[in-house]
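*Asks:* Would you be able to build a 3D model of this:
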Amino acid sequence: MLVDSSALPEQVADAVMQSAFRSAGQRCSALRLLCLHEAIADAVIEMIVGAARELVAGNPAELSTDLGPVIDAEAFAGIGRHLHRLTSEQKRVLGPVNASDVAIESIANLLPPQAFEIASIADLRQEIFGPVLHIVRWKGDPQAVLAQINALGYGLTLGIQTRIDSRALALAHAAQVGNVYINRNQIGAVVGVQPFGGEGLSGTGPKAGGPHYLLRFCAEQTVTVNTTAAGGNVQLLANGAV
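*Replies:* As a prediction, the model looks like this:
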């Protein structure tokens, strides 16, 4: 998600909370990288951290639970390795304060929402399907920031937060992604209204819910017949007699 200095901080915080932590961050379209303009970064980060600390990680059978566990032990272990690297290399801005924040011992594969400030976009080396948000500050030309995002190679979803319409449309045009969401969260595409699919390392072929989707289920077949071998008149065929 790319956020410029004109964006509404409250709107950004709400979109980030939904996009990064709903479904424990396991949706394919979930927010992994938040690029905040330095002019509003401190205020927005404070809002996100405050809101995230209100989330309850626990048993998904309980109505009070906001975040349930990740899908399996393999995913949990992979996220754990990523968190270990982030903890040693980057700045943590959100994480468990103490052991009572999350019932890890009683609920398998449960992770609380976590966020880190990273030094550069290039430091995000892989996709992580879990409640882990990576934040980077930027200044200058937003198109240059977008070029760095495009260089990562992933192209499923991009959120843009700005009150400058011309900028939003220019960034959307330059983004090498399948789905762009402007001034809203970036999850929950509606099939038939927002055909869903990506490109690059996130390529999925024809978009689900799009006009070309059914074609991917078709099998093309070519039949070639040597008409003259059976005594056919090629001239008649050429003149459209058949």
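*Asks:* rest of the way, CA atoms for contacts and neighbours
*Replies:* Fine.
*Asks:* List the buried residues for the helix ranked longest in the chain?
*Replies:* In the chain, ranked by residue count with DSSP state H as the criterion, the top helix is helix 73-89. Residues of helix 73-89 classed as buried: 76, 79, 82, 83, 86 (neighbour count, 16 or more other Cα atoms under 10 Å).
*Asks:* just checking, what's the longest strand in the protein?
*Replies:* The single longest strand within the chain, with elements called by DSSP state E, is strand 132-138.
*Asks:* Tell me what angle it forms with helix 73-89.
*Replies:* Orientation of strand 132-138 against helix 73-89 (axes from the mean of the first three to the mean of the last three Cα atoms, to 10 degrees) gives an angle of 30 degrees.
*Asks:* Quick one: mean pLDDT over strand 132-138.
*Replies:* Mean per-residue pLDDT for strand 132-138: 98.
*Asks:* Can you name the element that comes right after the longest helix of the chain?
*Replies:* Following helix 73-89 in sequence order, the next helix or strand is strand 91-94 (DSSP states H and E).
*Asks:* what helices or strands is that next one leaning on?
*Replies:* Judged by 3 or more Cα pairs under 8 Å, 6 or more residues apart in numbering; DSSP states H and E, strand 91-94 is in contact with strand 114-117.
*Asks:* Would you mind putting the CA coordinates of the lowest-mean-pLDDT helix or strand in the chain into PDB?
*Replies:* Here the helix or strand of the chain ranked lowest by mean pLDDT, DSSP states H and E is helix 234-238, holding a mean of 71. The C-alpha trace of helix 234-238 is given here as PDB (Å, rounded to 0.1, in the frame of the first residue of the first chain):
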ATOM      1  CA  VAL A 234      -9.600 -28.600 -53.500                       C
ATOM      2  CA  GLN A 235     -10.800 -26.000 -56.100                       C
ATOM      3  CA  LEU A 236     -14.400 -26.300 -54.900                       C
ATOM      4  CA  LEU A 237     -13.400 -25.900 -51.300                       C
ATOM      5  CA  ALA A 238     -11.300 -22.800 -52.200                       C
END
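*Asks:* I'd like the distance from that helix to the chain centre, please.
*Replies:* Between the centre of helix 234-238 and the centre of its chain there are 56 Å (Cα atoms, centre = their mean, to the nearest Å).
*Asks:* What of stretch 32-39?
*Replies:* Relative to its parent chain, stretch 32-39 has a centroid offset of 15 Å by Cα atoms, centre = their mean.
*Asks:* before we move on, the earlier item: packing partners for the longest strand of the chain?
*Replies:* Counting contacts by 3+ Cα pairs under 8 Å, 6+ apart, strand 132-138 is packed against helix 9-21, strand 33-37, strand 114-117.
*Asks:* Columns distance to residue 62 on top of those, output as CSV?
*Replies:* CSV is the format used below for these (distance: least, Cα to Cα, whole Å):
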stretch, distance to residue 62
helix 9-21, 17
strand 33-37, 29
strand 114-117, 21
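*Asks:* Tell me which of these sits nearest to residue 130.
*Replies:* helix 9-21 (7.9 Å; Cα to Cα).
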